[in-house]
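# Got a predicted structure plus its sequence, pasted below:
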Amino acid sequence: MELTQDKIELIEKLIRNDRKFVNNEDLYEDFFNEMCKRSMPIVNTITSDATLEAYLRKIATTSIINVLKDSGRLRRTREGYSSVKSVPLEDNNHGNETTVNYSNAKIQYNIVDFESNPEDLAVKNEILQKVIDALYSINNAEPDKQYLRIYKLRYDEGMTQKEIAQELNLSQAEISKRLFKLMEKVKKAFN
């Protein structure tokens with residue numbers, strides 16, 4: 001299965017527009033390859049352009065985070081992920097300068113998506129519900145394979161295959177094989 005030129009251009013645009021792409025341009029090929037690998041199983045099954053773009057935007061973020069983690073440029077902290085180049089505010093004392101600790105400030109905001117219309121949201125929700133139903137059905141059919149747990153660790157928690165293997169006391173090859181089989185089964189559920 002190959003990507004069409006318009007989908008390749010969309011992937012390139014999403015990678016370049018991600019805020020983590022700035023100062024990491026040298027990893028573009030790794031971002032692109034990771035994103036293609038993650039999106040291949042389902043990209044040709046989505047017919048709505050808006051739904052596809054929303055789906056690929058999420059994959060772009062996950063792919064970029066994973067590549068940055070694997071390359072040692074990003075680390076996990078209690079608050080989420082931070083660049084290994086970032087310096088905590090408490091460490092910014094230089095000579096007579098006064099530093100104020102802003103690390104306890106919590107800023108919350110709701111993301112408003114002006115591009116989505118009710119029809120696109122309905123299609124997106126329907127596709128997500130199909131994926132969820134397929135995941136639970138696949139997991140219930142073979143509970144010993146722990147498909148749902150592996151999926152959650154990989155895509156919700158953002159863990160690498162190596163980290164998942166350590167967590168579940170399995171080999172990385174086995175985790176890779178199970179993720180591949182899971183994606184194949186989800187694809188079949190859509191057809």
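All right, it came through fine.

# what sits against residue 12?
Taking CB atoms under 8 Å, 6 or more residues apart in numbering as the contact definition, residue 12 lies against residue 32. C-beta here means a position set from N, CA and C on the backbone, and glycine is covered the same way.

# any idea how far it lies from residue 18?
Distance of residue 12 to residue 18, computed by CB to CB, to the nearest Å: 11 Å.

# my read: residue 189 touches residue 137, true?
Yes. With contact defined as CB atoms under 8 Å, residue 189 and residue 137 form a contacting pair (7.2 Å).

# how distant is stretch 184-191 from the center of its chain?
Offset of stretch 184-191 from its chain centre (CA atoms, centre = their mean, to the nearest Å): 20 Å.

# Can you point out the buried residues in it?
The neighbour-count check on stretch 184-191 (16 or more other CB atoms under 10 Å) flags 185-187 as buried.

# And stretch 66-73, by the same measure?
Judged by neighbour count using 16+ other CB under 10 Å, the buried positions of stretch 66-73 are 66-69.

# Kindly present those residues as CSV, with separate columns for pLDDT, secondary structure and distance to residue 50.
Conversion of the buried residues of stretch 66-73 to CSV gives the following (pLDDT from 0 to 100; DSSP: H, G, I helix; E, B strand; the rest coil; distance: CB to CB, whole Å):
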residue, pLDDT, secondary structure, distance to residue 50
66, 84, helix, 25
67, 85, helix, 26
68, 85, helix, 27
69, 83, helix, 29
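
# Among the residues you listed, which one sits closest to residue 130?
Looking at those and their distance to residue 130, the nearest is residue 66, at 24.7 Å (CB to CB).

# quick one: what helix or strand has the nearest residue to the closest one once chain neighbours are set aside in it?
For residue 66, the nearest residue in space outside its immediate sequence neighbours is residue 34; the separation is 6.1 Å by CB to CB, 6 or more residues apart in numbering. Mapping residue 34 onto the secondary structure by DSSP states H and E places it in helix 28-43.

# what's next to that helix, contact-wise?
With CB under 8 Å, 6+ apart as the contact definition, helix 28-43 has outside contacts at 1, 3, 7, 11-12, 14-15, 21, 24, 52, 55-56, 59-60, 62-64, 66-67, 71, 183-184, 186-187, 190.

# Could you report the pLDDT at residue 23?
Note on residue 23: pLDDT of 82.

# Give the burial count for it, as a bare number.
Close neighbours of residue 23, defined as other CB atoms under 10 Å, add up to 10.
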